[in-house]
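Undergrad: Here's a sequence, model it:
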Amino acid sequence: MNVLVVYCHPDPESFGAAVRDRALAGLRRGGHEIRLVDLYGDGFRPELTEEERRCHREPGVSPELQSYADDLTWAEALVFVYPTWWSGQPAMLKGWFDRVWACGVAWELPDGANVVRPLLTSIRRIVIVTTHGSPKWINMLEGESGKRTVIRSLRAACHRRVRTTWCAVYGLDGSDENDRRRFLERVERQLARL
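TA: Residues are numbered from 1 along each chain as shown. Model prediction:
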């Protein structure tokens, strides 16, 4: 399976980097074809430009985003690895959604239609691997908006039977070495079975 891994963390020595490495190890064990996008490593610019907003309904992306769009349309599965900050995705990842999941790449709005049509129909699996500093109950009180962004919004641009897997560790700020090790093992195991 063609798997696009989108990684988003500013610190190359973070626990998030260890999570990414274990996710990649699991995918390799599963025999998948993998492409890795490291948004911070690439120096990705998350801010939507005035021109991009003005041309929102015109198909395509700007030339500097074409390789990201090509990776997205190549994929049959997506794996997102990121920390959850302020109940959602880091701004860098949200900017990748805003700029790359564009008309002509992820969706289209045919003439006369009032509902967008998905274009990423080859994507049948989405896996979210994320860390939360706070406990699960706090995230539930906040409404888990980051989870909803992927499970409700991004899914709509994919195959109609796309399956999602939410693999999260909660309370990371108060965790110990054993908790972190168990989560890393779980990530690798889950992705080996993708």
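Undergrad: Can you pull the poorly scored residue ranges out of this structure?
TA: 139, 141, 143 (pLDDT under 70).
Undergrad: mind listing the strands for it?
TA: 2-7, 33-38, 77-84, 107-108, 117-118, 125-132, 163-169 (DSSP state E).
Undergrad: Which strands border the fifth one, and is each parallel or antiparallel?
TA: Spelled out, it's strand 117-118. strand 107-108 (antiparallel) (DSSP bridges).
Undergrad: what does the second one give?
TA: The sheet places strand 33-38 alongside strand 2-7 (parallel), with pairing taken from DSSP bridges.
Undergrad: what's the answer for the third one, then?
TA: With DSSP bridges as the test, strand 77-84 is paired with strand 2-7 (parallel), strand 125-132 (parallel).
Undergrad: Need those in TSV (columns: mean neighbour count and distance to R29).
TA: From N, CA and C alone the C-beta is placed, and that goes for glycine too. Formatted as TSV, the strands paired with strand 77-84 follow (neighbours: other CB atoms under 10 Å; distance: least, CB to CB, whole Å):
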stretch	mean neighbour count	distance to R29
strand 2-7	22	12
strand 125-132	22	15
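Undergrad: possible to save those strands as CSV with distance to G171?
TA: Shown next, in CSV, are the strands paired with strand 77-84 (distance: least, CB to CB, whole Å):
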stretch, distance to G171
strand 2-7, 22
strand 125-132, 7
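Undergrad: No further questions, thank you.
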